[in-house]
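S.K.: Generate a structure from the sequence data that follows.
(one chain, ligands or ions: 2)
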Amino acid sequence: MRPAPASTTLSSSLQPPGKVESEKMETSESRRLFATESLGGRAMYRLHAVTVAAGILLVLYYRATHVPAAGEGRAAWLGMLAAELWYSAYWVITQSVRWNPVHRRPFKERLAARYGERLPCVDIFVCTADPQSEPPSLVISTVLSLMAYDYPAEKLSVYLSDDGGSILTFYAMWEASSFANHWIPFCKRYNIEPRSPAIYFSESDGLQDLCTPKEWSLIKDMYDEMTQRIDTIVMSGKIPEETKANHKGFDEWNIEINSKDHQPIVQILIDGKDQNAVDTEGNVLPTLVYMAREKRRQHHHNFKAGAMNALIRVSSVISNSPIIMNVDCDMYSNNKDAIRESLCFFLDEEMGHKIGFVQYPQNYNNMTKNNIYGNSLQVINKVELRGLDSVGGPLYIGTGCFHRREILCGRRFTKDYKEDWNGGIKDQTQESIHEIEEKAKFLATCTYELGTQWGDEIGLKYGCPVEDVITGLAIHCRGWGSICNLPTRPAFLGVGPATLAQTLLQHKRWSEGNFSIFLSKYCSFLFGHGKIGLRLQMGYCIYGLWAPNSLATLYYVTIPSLALLKGTPLFPEMTSPWIAPFIYVFFVKNLYSLYEALSCGDTLKGWWNGQRMWLVKRITSYLFGVIDTLWKLLGLSQMSFAVSSKVSDEDVSKRYEQEIMEFGSSTPQLVIIATITLLNLVCMVGGLRQITIVGFNVFSPQLIVCGMLVITSIPFYEAMFLRKDKGSIPSSMTLSSVGFVVLALLVVILVPIV
Ligand SMILES: O=c1ccn([C@@H]2O[C@H](COP(=O)(O)OP(=O)(O)O[C@H]3O[C@H](CO)[C@@H](O)[C@H](O)[C@H]3O)[C@@H](O)[C@H]2O)c(=O)[nH]1
Ligand SMILES: [Mn+2]
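M.R.: Numbers count the residues shown, from 1 in each chain. Ligands and ions are numbered 1, 2, ... in the order given. As a prediction, this is how the structure comes out:
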């Protein structure tokens, strides 16, 4: 195996920088660089959890002891039992992280008092993959926001990995490298937030800031002109020859290249070690590097994980910082203090040496008030990540994560481990830029990893659509802990999916990725056994089991309704005492979920929309996730990574802002949604008839289930029958769904399953 350059060049030193004698006087509490606080509302949570658990047991007991005779819906009843058993087990799993979530509070003032500016070097990795779905002007706004962190610039290096291998993105980066000369001093002088120019100028008119209106307009004009140049060039797809003459990097595109087949490209746009690389005020600039790793058709490039691994190696010969931070290209820095806050965890004397990574939640800046597609992820961020933190550490969820370089390179945790915080830029030898670039290019070739442990024991793991989660699990199993930091001002904000199709695409990748981990040797119960606590093992399964949840849900949204239509009871009668645990579990579980959502900042309507989206995701994305995972297990298909688009056309954006659901295109997902919602509508009408015949007592529980589904589905009926805009459900989709409903009804009538 070829030795990993990154891990061989790092060594350990014994002292954190600048520890001073007088500190010995401090008490251990005041020495801590962060505090761990318990979240409120625990007693209420626990009461709910214990009583719901009791309710669930009663429900299952009733199901198991009241199986009807054959021919009276026995099969359907047993199916209900199976679905409820599944839900119960899943519910228990989701409680694993809820018992005692924690909040971490970093003390950046203490960090400043103790270390001043003697802080470790930090490498920031930004990934982009496609100039069409991730426009270069968006990418550089993110890059600029990261370059402008409130952190010593000589210790900061920003790397962009461009899997699109696009000259347009390179051009934008070149523009950004000169705009940074003005932007960074402007941000620091007036202490502005956020430091993404695109966002800053879209939100601010400069009046609340300390700068003069003249200065503000000057820099804004400069920014507008730059983005205009970039957008024009991106539109035309060609760089003018006179522009190309400005930087040698453009020569890399002298030969015809495309994103799937090209040589490795590494261009150091700003060399932080260069004395002349200073901004308009004479301050040092952070290092800025553009990288497009080599791509050849015969070599698998392993998507983002491949890009990250190339970045780890390339950066090891340029800056080699002990801390690596990764963000997606749309996730701009929204909080200038995020690096310092993260260091509070790593540099904490009591706990710091155990912490492998610090994960920030994924937050989006394009969410509508009522969260129409359920993408705000508030409950995952504020409840589940914090809960995971209390049982061993949050998962590595990709963007917005700070790692020790050493752990990404496969290091195991040992008690005597001491990080060399002094590593990084300054310990590099004085090679010329050209030499360094050539060395780096070699590390970014396709063949470099052949016969090595990269993608397995070293770097991010390959072969999983959620490379981050599986890598994080391996890190946890190597003995490291992780921390979730949730500053009041979110550290990163990105572009979340803004259409139904994008949402379903993202969730298919996530559910499929996590389910494939669950089914592999990395299943947290097997791989984590004896290495991480049971509750963390369960925590991983919250996401690992998203996909198979779809099966129980599909059952629950079709069979009780069809049985209602056919007159087969599947619940206790309304007057039976056995109905009580069903009602209790149903209401209290949902009420608690509402409480959780509201306390995380969602609106009532947002929660309701979120519930609808869970249903939709389960019957489409997650179902497809199951199918594709099984397909792959059988070796019938290959892993893919569909990059989500960060742009949508005007018409679509307008509907999004008005919170009107976007369907538009014809997809199999739409047929499933339309079929199931229509089926429930028919069943509800049929069910109402049953009630008039048999009476209220027997069928009302089923009617309630069916009715709830119908109420949840109102936006779908509107999109099928009432809306005329381009985002409505195409009539061909509605027609085929009607066909499927008729077919389902025929089957039910002819085959006695329910
Ligand atoms: O071949 C590829 C494919 C993707 N990416 C980058 O990966 C990132 C994530 O892609 P995106 O389409 O935005 O997916 P999301 O679902 O928003 O990403 C989340 O989920 C991914 C795993 O599914 C993680 O890798 C991400 O960090 C996490 O933010 C983007 O920066 C892409 O440019 C690459 O660099 N190369
Ligand atoms: Mn994204």
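S.K.: can you tell me how far the residue of the chain at minimum distance from ligand 1 sits from residue 641?
M.R.: Residue of the chain nearest ligand 1, by C-beta to the nearest ligand atom: residue 398 (2.2 Å). Any C-beta I mention is one placed from the backbone N, CA and C, and that applies to glycine too. For residue 398, the distance to residue 641 equals 12 Å [C-beta to C-beta, to the nearest Å].
S.K.: Compare those two (neighbour count), which wins?
M.R.: Under the criterion of other C-beta atoms under 10 Å, the comparison of residue 398 against residue 641 puts residue 398 first, with 22 against 17.
S.K.: Which pLDDT value belongs to that one?
M.R.: Looking at residue 398, its pLDDT is 95.
S.K.: what about residue 648, neighbour count?
M.R.: So residue 648, with other C-beta under 10 Å, has 18 neighbours.
S.K.: For it, what are phi and psi?
M.R.: Per-residue torsions, residue 648: phi -140, psi 160 (degrees, to the nearest 10).
S.K.: So it is in contact with residue 656, correct?
M.R.: Yes: with contact defined as C-beta atoms under 8 Å, residue 648 and residue 656 form a contacting pair (7.1 Å).
S.K.: on that earlier part again, enumerate every residue touching the residue of the chain closest to ligand 1.
M.R.: 304, 326, 328, 362, 466-468 (C-beta atoms under 8 Å, 6 or more residues apart in numbering).
S.K.: got any residues that touch both of residue 398 and residue 641?
M.R.: Residues touching both residue 398 and residue 641 (C-beta under 8 Å, 6+ apart) are residue 304.
S.K.: Run through the neighbouring helices and strands of the longest helix along the chain.
M.R.: Identified as the longest helix of the chain according to DSSP state H is helix 668-694. For helix 668-694, the packing partners by 3 or more C-beta pairs under 8 Å, 6 or more residues apart in numbering; DSSP states H and E come out as helix 546-566, helix 604-619, helix 621-633, helix 696-712, helix 714-717, helix 731-750.
S.K.: now these as a markdown table including mean neighbour count, distance to ligand 1 and mean pLDDT?
M.R.: Output for the helices and strands packed on helix 668-694, formatted as a markdown table (neighbours: other C-beta atoms under 10 Å; distance: least, C-beta to the nearest ligand atom, whole Å; pLDDT from 0 to 100):
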| stretch | mean neighbour count | distance to ligand 1 | mean pLDDT |
| --- | --- | --- | --- |
| helix 546-566 | 23 | 13 | 95 |
| helix 604-619 | 21 | 13 | 97 |
| helix 621-633 | 20 | 12 | 95 |
| helix 696-712 | 20 | 25 | 91 |
| helix 714-717 | 17 | 24 | 96 |
| helix 731-750 | 15 | 26 | 91 |
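S.K.: which stretch among those comes nearest residue 209?
M.R.: helix 604-619 (31.9 Å; C-beta to C-beta).
S.K.: Show me where this protein dips below the pLDDT cut-off.
M.R.: Within the chain, the ranges that satisfy pLDDT under 70 run 1-27, 426-429, 752-754.
S.K.: At the contact with ligand 1, which residues of it appear?
M.R.: With C-beta under 6 Å from any ligand atom as the criterion, the chain meets ligand 1 at residues 127-129, 134, 161, 163, 303-304, 307, 328-329, 362, 398-399, 465-466, 468, 506, 509-510, 513, 641, 643-644.
S.K.: Keep only those of these that are in helices.
M.R.: Residues of those located in helices (DSSP H): 303-304, 307, 468, 506, 509-510, 513.
S.K.: element containing the closest residue to residue 243 other than its chain neighbours?
M.R.: With C-beta to C-beta, 6 or more residues apart in numbering as the criterion, residue 243 has its nearest non-adjacent residue at 7.1 Å, and that residue is residue 171. Element membership for residue 171 (DSSP states H and E) is helix 167-190.
S.K.: Could you give the separation of that helix from the chain centroid?
M.R.: 27 Å (C-alpha atoms, centre = their mean, to the nearest Å).
S.K.: counting contacts, what elements does it pack onto?
M.R.: Counting contacts by 3+ C-beta pairs under 8 Å, 6+ apart, helix 167-190 packs against helix 136-147, strand 156-162, helix 213-236, strand 265-270, strand 287-292.
S.K.: Mind listing what's buried along that helix?
M.R.: Going by neighbour count (16 or more other C-beta atoms under 10 Å), the buried part of helix 167-190 is 167-177, 179-188.
S.K.: OK, contacts around residue 718?
M.R.: Counting by C-beta under 8 Å, 6+ apart, residue 718 has no contacts.
S.K.: one more time with 10 Å, if that's ok
M.R.: 660-661, 728-729 (C-beta atoms under 10 Å, 6 or more residues apart in numbering).
S.K.: Turn those into CSV, columns for distance to residue 434.
M.R.: As requested, the contacts of residue 718 are exported to CSV (distance: C-beta to C-beta, whole Å):
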residue, distance to residue 434
660, 55
661, 54
728, 58
729, 58
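S.K.: okay, the helices and strands packed on helix 668-694 in JSON lines with distance to residue 230 next?
M.R.: Shown next, in JSON lines, are the helices and strands packed on helix 668-694 (distance: least, C-beta to C-beta, whole Å):
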{"stretch": "helix 546-566", "distance to residue 230": "38"}
{"stretch": "helix 604-619", "distance to residue 230": "35"}
{"stretch": "helix 621-633", "distance to residue 230": "34"}
{"stretch": "helix 696-712", "distance to residue 230": "43"}
{"stretch": "helix 714-717", "distance to residue 230": "38"}
{"stretch": "helix 731-750", "distance to residue 230": "38"}
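S.K.: residue ranges of the strands in the stretch 451-600 of the chain, please?
M.R.: 481-484, 492-493 (DSSP state E, counting those that start in this stretch).
S.K.: Redo those as CSV? Include distance to residue 351 and mean neighbour count.
M.R.: Below are the strands of the stretch 451-600 of the chain laid out as CSV (distance: least, C-beta to C-beta, whole Å; neighbours: other C-beta atoms under 10 Å):
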stretch, distance to residue 351, mean neighbour count
strand 481-484, 8, 25
strand 492-493, 24, 26
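S.K.: Figure out which of the ones you listed is closest to residue 451.
M.R.: Short answer: strand 481-484, nearest of those by C-beta to C-beta, at 30.8 Å.
S.K.: so what's the closest residue in space to residue 674 that isn't next to it in sequence up against?
M.R.: Using C-beta to C-beta, 6+ apart and skipping residues adjacent in sequence, the residue nearest residue 674 is residue 737, 3.6 Å away. The contact partners of residue 737, taken as C-beta under 10 Å, 6+ apart, are 670-679, 716, 720, 729.
S.K.: With distance to residue 253 added, can I get these in JSON lines?
M.R.: Converted to JSON lines, the contacts of residue 737 look like this (distance: C-beta to C-beta, whole Å):
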{"residue": "670", "distance to residue 253": "40"}
{"residue": "671", "distance to residue 253": "43"}
{"residue": "672", "distance to residue 253": "44"}
{"residue": "673", "distance to residue 253": "44"}
{"residue": "674", "distance to residue 253": "46"}
{"residue": "675", "distance to residue 253": "49"}
{"residue": "676", "distance to residue 253": "49"}
{"residue": "677", "distance to residue 253": "50"}
{"residue": "678", "distance to residue 253": "52"}
{"residue": "679", "distance to residue 253": "54"}
{"residue": "716", "distance to residue 253": "47"}
{"residue": "720", "distance to residue 253": "48"}
{"residue": "729", "distance to residue 253": "43"}
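S.K.: Please check those residues and keep the buried ones.
M.R.: Buried members of these, counted by 16+ other C-beta under 10 Å: 670-679, 716, 720, 729.
S.K.: Which one of those is nearest to residue 274?
M.R.: For those, the nearest to residue 274 is residue 670 (55.0 Å; C-beta to C-beta).
S.K.: is it true that the closest one touches residue 662?
M.R.: No: between residue 670 and residue 662 no contact is recorded; they are 11.1 Å apart, counting by C-beta atoms under 10 Å.
S.K.: hey, what's in contact with both of those two?
M.R.: In contact with both residue 670 and residue 662: 500-501, 719, using C-beta under 10 Å, 6+ apart.
S.K.: returning to what we had before: any chance of TSV for the helices and strands packed on helix 167-190, columns mean neighbour count?
M.R.: Listed next are the helices and strands packed on helix 167-190 as TSV, based on neighbours: other C-beta atoms under 10 Å:
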stretch	mean neighbour count
helix 136-147	27
strand 156-162	28
helix 213-236	15
strand 265-270	24
strand 287-292	27
